[in-house]
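Engineer: After the sequence you'll find the predicted model.
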Amino acid sequence: MSRSGLHVDWTRCDGRGLCAELLPRLLVRDEWGYPLPSQTARPGPGGALVRVPAKLTADAEQAVALCPLLALSLTTEADR
Ligand code: SF4
């Protein structure tokens, strides 16, 4: 079994918040627009911002594809 996590490259992100709009169950925007884990999101594997449940994988993939600054990535880590 594997777990997916959503990573943000903070050197690229400009905080416009598109990802939070696409993943409202996982992300919220801070006061400057940068994505933060929502209250119900769980920590992701390997230091990822949030864990991505299987049912939200397609939405997360869409957010990765639509991030205008290529700041998002979706990684998979095998459970130990
Ligand atoms: S969509 Fe990309 S650039 Fe915009 S807030 Fe999210 S990670 Fe940052």
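Structural biologist: Looks like it came in fine.

Engineer: For this structure, what lies in contact range of the ligand?
Structural biologist: By the criterion of CB under 6 Å from any ligand atom, the positions of the chain lying close to the ligand are 8, 13-19, 35, 67, 69, 71-72. C-beta coordinates here come from the backbone N, C-alpha and C atoms, glycine included.

Engineer: What pLDDT is listed against Ala65?
Structural biologist: For Ala65, the model assigns a pLDDT of 98.

Engineer: Kindly report the same for the one 10 residues further on.
Structural biologist: Predicted confidence (pLDDT) at Thr75: the value is 91.

Engineer: Run a quick neighbour tally on it.
Structural biologist: 16 (other CB atoms under 10 Å).

Engineer: Contact partners for it?
Structural biologist: 4-5, 7, 45-46, 48 (CB atoms under 8 Å, 6 or more residues apart in numbering).

Engineer: can I get the CA coordinates of the host helix or strand of it in CSV?
Structural biologist: Under the criterion of DSSP states H and E, Thr75 resides in strand 72-78. Only the C-alpha atoms of strand 72-78 are listed here, as CSV (Å, rounded to 0.1, in the frame of the first residue of the first chain):
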residue,chain,number,x,y,z
LEU,A,72,3.0,21.5,-6.7
SER,A,73,4.0,17.9,-6.9
LEU,A,74,2.3,14.7,-5.8
THR,A,75,4.5,12.1,-4.4
THR,A,76,3.9,8.5,-3.4
GLU,A,77,5.6,6.8,-0.5
ALA,A,78,5.2,3.1,0.3
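
Engineer: Thanks again, I'm all set now.
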